[in-house]
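Chemist: need the 3D shape of this:
(one chain, ligands or ions: 1)
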Amino acid sequence: MEAATFCCVQCRLLQPPTTACVECAAPMTAPVELVRELLYYRDMRFNNHRDWGMLTAFLAGSSLALPILAPLAVGSIIALGVHKLRGEARKRRFVGIALPSVVPPPGATTLHGIARKFRGTVASVLDEQPVLVEHAVVRDRRGSVLLRRSDAAPFLLEVEGQGPVLIAGPARVVAPNMLAAPLRVKRGDPRLSRMGIPADLGLAGELEVSSIADGGTHLAVTGVVEEEAVVELAFHRDGGRIPVMRGRAGAPVLVSDRRLIAAGLL
Ligand SMILES: [Zn+2]
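Modeler: Below you'll find the model as predicted:
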């Protein structure tokens, strides 16, 4: 059985089951089927603050233990909460949000270089080709973000004149993919199911995918660099201690392709 796909209510990021969003660190993550009702509300601003408070408190509390062990129990309690709010949604259409921006943490630096595969890759939602980092966004007609998915495999950044730096942890591709036009996707599209979006969600929109593949050049990678011991590299130099730029919840590593940004400016 496939693991459930969780959705962060705050930033719309789809991700494996978790207690806090890997990208924005919000505790409001739950199986995507259970939070679907919340996607109908703009900016999560409800008229009745008590209802909203109850729901957030529940989602926050539930992520401590419940979602994986008892998704059905969680579902029925959330259903009780959303039932009270249901009347407030005028249109039964998903409401998009602005793409959440990510700000580099204090002490972050930007390194430029070439991406090299380390342990493995992740499969692109586009065509399942191996990539190192990818950000896939489904937008509505106005360009607002409905749902998105971010995946990253640890990779080595060959920094000119400095050697390799291991890039690990949550990462976000920040450059818009100017090389490919957004693709229209509708219910049942295999690319949506690869993102973990259930067909019965009835989601449709424009899919925008930005990926970095092995050998990707002109990269600008921003994050905090620290020394770590890396088992795979222990056979050479300093017992495997190398500089590592590790993304964390609330502070993902930012990966941009300078070529794409330049293309966007032309
Ligand atoms: Zn989030």
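Chemist: so where's the stretch 1-150 of the chain shaky on pLDDT?
Modeler: For the stretch 1-150 of the chain, applying pLDDT under 70 flags the ranges 1-3, 41-92.
Chemist: and it, which residues reach the ion?
Modeler: Proximity of the stretch 1-150 of the chain to the ion is assessed by CB under 5 Å from the ion, with 8, 10-11, 13, 21, 24, 26 identified as the residues in range. C-beta: built from backbone N, CA, C; applies to glycine.
Chemist: mind redoing it with 8 Å?
Modeler: Counting by CB under 8 Å from the ion, the positions of the stretch 1-150 of the chain adjacent to the ion are 8-13, 21-26, 28-29, 100.
Chemist: you'd agree residue 220 is up against residue 256?
Modeler: Yes. With contact defined as CB atoms under 8 Å, residue 220 and residue 256 form a contacting pair (5.0 Å).
Chemist: show me where the stretch 1-150 of the chain has helices.
Modeler: 32-35, 49-62, 66-69, 71-85 (DSSP state H, counting those that start in this stretch).
Chemist: still on that earlier bit, between residue 220 and residue 256, which has more neighbouring residues?
Modeler: Between residue 220 and residue 256, counted using other CB atoms under 10 Å, residue 256 has the larger neighbour count: 20 against 17.
Chemist: so the more buried one sits right up against residue 216, yeah?
Modeler: No. Under the criterion of CB under 8 Å, residue 256 is not in contact with residue 216, lying 10.8 Å apart.
Chemist: count of residues packed around the residue nearest to residue 7 when sequence neighbours are not counted?
Modeler: Nearest in space to residue 7, with sequence neighbours left out and distances taken as CB to CB, 6 or more residues apart in numbering, is residue 32 at 4.1 Å. Counted with other CB under 10 Å, residues neighbouring residue 32 total 23.
Chemist: got it, and residue 110?
Modeler: 12.
Chemist: begin at 309 from now on, thanks
Modeler: Fine by me, first position is 309 from now on; the one you just mentioned is residue 418.
Chemist: what are the buried residues along stretch 438-447?
Modeler: Along stretch 438-447, the positions that meet the burial threshold by neighbour count (16 or more other CB atoms under 10 Å) are 439-447.
Chemist: can you check stretch 498-512 too?
Modeler: Using 16+ other CB under 10 Å as the test for burial, stretch 498-512 gives 499-500, 502-506, 509, 511-512.
Chemist: residues making contact with it?
Modeler: 313, 322, 340-341, 344, 402, 431, 433-434, 436, 444, 446, 454-455, 457, 491-496, 515 (CB atoms under 8 Å, 6 or more residues apart in numbering).
Chemist: rewinding a little: out of the buried residues of stretch 498-512, who's nearest residue 481?
Modeler: Top of the list for closeness to residue 481, among those and by CB to CB, is residue 503 at 14.6 Å.
Chemist: would you report the backbone torsion angles of the closest one?
Modeler: According to degrees, to the nearest 10, the main-chain angles of residue 503 amount to phi -80, psi -10.
Chemist: just give the nearest non-adjacent residue to it, would you?
Modeler: residue 457 (4.5 Å).
Chemist: mind listing what the nearest residue to residue 439 once chain neighbours are set aside touches?
Modeler: For residue 439, ignoring the flanking residues on the chain, the nearest one in space by CB to CB, 6+ apart is residue 519 at 4.3 Å. Taking CB under 8 Å, 6+ apart as the contact definition, residue 519 lies against 432, 434, 439-443, 481, 485.
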